[in-house]
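# No sequence on hand, only this structure:
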């Protein structure tokens with residue numbers, strides 16, 4: 001198991017919210033994460049479409065996992081989302097990250113969320129602060 005997978009597994013094991021969302025980890029590697037989840041009835045708003053926080057939360061988890069996968073503890077400092085297609089009950093969402101830039105202190109990521117029809121339903125951008133704290137000190 002790669003170091004990035006060990007980090008994400010450790011994070012996910014303590015992440016009750018991502019577990020509640022029903023997130024499944026598809027792939028993890030340095031700077032990259034792909035997640036999958038299915039929208040449930042209790043995730044819908046009064047319009048019977050997914051609450052905007054659902055896609056946001058999926059993307060936020062993908063940001064956390066991708067940015068921490070390099071081995072240093074990283075925390076979001078700025079995030080934004082654009083919703084492009086409504087999400088309904090039983091839709092299967094896939095979040096895929098793209099690392100736009102990575103420096104010693106800052107990482108910038110773009111997360112694309114698609115549904116089972118391969119339609120992009122949201123675009124999320126996140127900036128993280130990379131601390132000096134390592135997930136597994138002394139391991140390389």
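That came in fine, so what should we check first? The model shown is predicted, which means the values in this text are computed figures rather than measured ones.
# The longest strand seen in the chain packs against which elements?
Determined from DSSP state E, the single longest strand within the chain is strand 120-134. Here strand 120-134 touches helix 52-68, strand 72-83, strand 92-102, strand 106-114, going by 3 or more Cβ pairs under 8 Å, 6 or more residues apart in numbering; DSSP states H and E. Every residue, glycine included, has its C-beta placed from N, CA and C.
# buried residues in it?
Within strand 120-134, the residues scored as buried using 16 or more other Cβ atoms under 10 Å are 121-128, 130.
# next one: stretch 45-55
Buried, per 16+ other Cβ under 10 Å, within stretch 45-55: 49-51, 54-55.
# What's the end-to-end length of it?
Counting by Cα to Cα, to the nearest Å, you get 13 Å between the two ends of stretch 45-55.
# Now for the spatially most central residue of the chain: which residues touch it?
For the chain, the residue nearest the mean C-alpha position is residue 62 (1.3 Å; Cα atoms, centre = their mean). If you count contacts by Cβ atoms under 8 Å, 6 or more residues apart in numbering, residue 62 has them with 33-35, 95-97, 111, 124.
# try it again with 10 Å
By Cβ atoms under 10 Å, 6 or more residues apart in numbering, the residues touching residue 62 are 18, 23, 25, 28, 32-35, 94-97, 109, 111-113, 124, 126.
# do residue 81 as well
Per Cβ under 10 Å, 6+ apart, neighbours of residue 81: 52-53, 55-56, 59-60, 111, 113, 122-126.
# Could you list the low-confidence segments of this structure?
Applying pLDDT under 70 to the chain flags the ranges 140.
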